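>>> any chance you can model this:
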Amino acid sequence: MPRSLIQRRISEVHERLRRAREELAVVEEQLAVLVDTAEDARIRSLVSETPLATREYQEAQRQADAMARSRASVASSIAELERAQDELLDRLVVEPQ
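Residues are numbered from 1 along each chain as shown. Predicted coordinates for the structure are as follows:
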């Protein structure tokens, strides 16, 4: 693979990695809010012992769980991009000009 192509691919992967890290920061902030909301709903559910409060807690917990899965997905994408970037950098160093 030509050196210029490797460099271009490194640049593309780097940009995707930057965007993924930004997305992860946003998802982590949202997750923190949803976890706090679910915890508050859980406490209200325990104190009030009403079906409505229990449903509100369950819904809040479902949202927090969904955001946690989203966070895991973005983190996995970041790991894949980092591996791809490392492989491209290795190729850049190993392959002759």
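>>> and the lengthiest helix in the chain, what other elements does it pack with?
Longest helix in the chain by number of residues (criterion: DSSP state H): helix 3-48. Judged by 3 or more Cβ pairs under 8 Å, 6 or more residues apart in numbering; DSSP states H and E, the packing partners of helix 3-48 are helix 51-94. For every residue, glycine as well, the C-beta is placed using N, CA and C.
>>> what's the angle from the helix it packs on to helix 3-48?
Put simply, helix 51-94 runs at 160 degrees to helix 3-48, going by axes from the mean of the first three to the mean of the last three Cα atoms, to 10 degrees.
>>> from the chain's centre, how far out does helix 51-94 sit?
3 Å (Cα atoms, centre = their mean, to the nearest Å).
>>> what's the average pLDDT for that helix?
Helix 51-94 carries an average pLDDT of 96.
>>> other SSEs contacting that helix?
Secondary structure elements in contact with helix 51-94, counted by 3+ Cβ pairs under 8 Å, 6+ apart, are helix 3-48.
>>> next one: the helix it packs on to chain centre, how far?
That offset, for helix 3-48, works out to 4 Å (Cα atoms, centre = their mean).
>>> now swap in stretch 39-54 and tell me
For stretch 39-54, the distance to the chain centre is 29 Å (Cα atoms, centre = their mean).
>>> in it, which residues are buried?
By neighbour count on 16 or more other Cβ atoms under 10 Å, the buried set for stretch 39-54 is 41-42, 44-45, 53-54.
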